[in-house]
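S.K.: Here is my input; please provide its structure:
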Amino acid sequence: MSMQIFELVLNKDTDGVDAISVVDRPATEENFIALKEQHEIKLAEVDTDKRILMGAALVPDKMIYRKNGKDEFNVFFSKDTIKQASELFLINGNQNNVTLMHNKSIKDMSVVESWIIDNPEMDKSKEYGFSLPKGTWMLSMKVNNSDIWAKVKAGEIKGFSIEGYFADKVQMTSNNEKIIEQLKELLNDK
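M.R.: Have a look, this model is predicted:
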């Protein structure tokens, strides 16, 4: 039996991303990088840290495993939903809403840059070693919190994870389609 797949979608009036969490195991499986004063890739020596993290907040069509009690399933976001979520995040003024491990609210951190990868080969994320698909939501976050920066430097924090509300709809699989066809046949027979 195949695992159920849900596409997460937005109701613009009630849903969206409320906060970004810094985590040790991002669901996107994409770690961020800590940017230094100059571009690490271009310069051999760097003096001081800028304390900026860059990474993927959401990757389109990436299956994200979830478990709710005994139920196991995958969720994913489309390019359109990711674009809407990234826009609403800023429109609603949530760039200073940051948590640690989806648990504790953190001060002195802010999203300072947000963009959608339009051309993966020409996107600035490529310059920092990322290879992500079109439609990925990228973030840069300023970290003025010394405790969090120490955790980043120690490798305890590795990426971003979103916090928010989304509706879901079942993604059709071959098994689901067969079941629906059988139900339609039963209803038509009556």
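
S.K.: which residues touch residue 162?
M.R.: Residues near residue 162 by Cβ atoms under 8 Å, 6 or more residues apart in numbering: 17, 19, 20, 21, 57, 58, 85. Any C-beta I mention is one placed from the backbone N, CA and C, and that applies to glycine too.

S.K.: The third one: how many residues sit nearby?
M.R.: Think residue 20. Around residue 20 there are 28 other residues, counting by other Cβ atoms under 10 Å.

S.K.: try the last one
M.R.: Burial measure for residue 85: 23 neighbouring residues, criterion other Cβ under 10 Å.

S.K.: before we move on, which element is it in?
M.R.: Taking DSSP states H and E as the definition, residue 85 sits inside helix 79-91.

S.K.: Mind giving me the packing neighbours of the helix or strand just after that helix?
M.R.: Going down the chain from helix 79-91, the next helix or strand is strand 98-100, by DSSP H and E. Packing partners of strand 98-100 (3 or more Cβ pairs under 8 Å, 6 or more residues apart in numbering; DSSP states H and E): strand 16-23, strand 104-106, strand 109-116.

S.K.: ranking these by burial, who's on top?
M.R.: Of all those, strand 16-23 carries the top mean neighbour count, a mean of 22, counting by mean count of other Cβ atoms under 10 Å.

S.K.: now that one against helix 79-91, angle please.
M.R.: Relative orientation of strand 16-23 versus helix 79-91 (axes from the mean of the first three to the mean of the last three Cα atoms, to 10 degrees): 90 degrees.

S.K.: other SSEs contacting strand 16-23?
M.R.: Helices and strands touching strand 16-23, by 3+ Cβ pairs under 8 Å, 6+ apart, are strand 49-58, helix 79-91, strand 98-100, strand 137-143, strand 159-165.

S.K.: which residues are in contact with it?
M.R.: Under the contact criterion Cβ under 8 Å, 6+ apart, strand 16-23 has outside partners 10, 53, 57, 85-86, 88-89, 92, 94, 97-102, 106, 109, 111, 139, 141, 148, 152, 157-165.

S.K.: same question, stretch 146-154
M.R.: 22, 34, 49, 51, 53, 100, 106, 108, 109, 143, 157.

S.K.: Pull out the buried residues from that stretch.
M.R.: Using 16 or more other Cβ atoms under 10 Å as the test for burial, stretch 146-154 gives 148, 149, 151, 152.

S.K.: Equivalent analysis for stretch 85-98, please.
M.R.: Under the neighbour-count criterion of 16+ other Cβ under 10 Å, stretch 85-98 has 85, 86, 88, 89, 94, 95, 97, 98 buried.

S.K.: quick one, what contacts the third one?
M.R.: Contacts for residue 88 were tallied using Cβ under 8 Å, 6+ apart; they are 10, 12, 16, 17.
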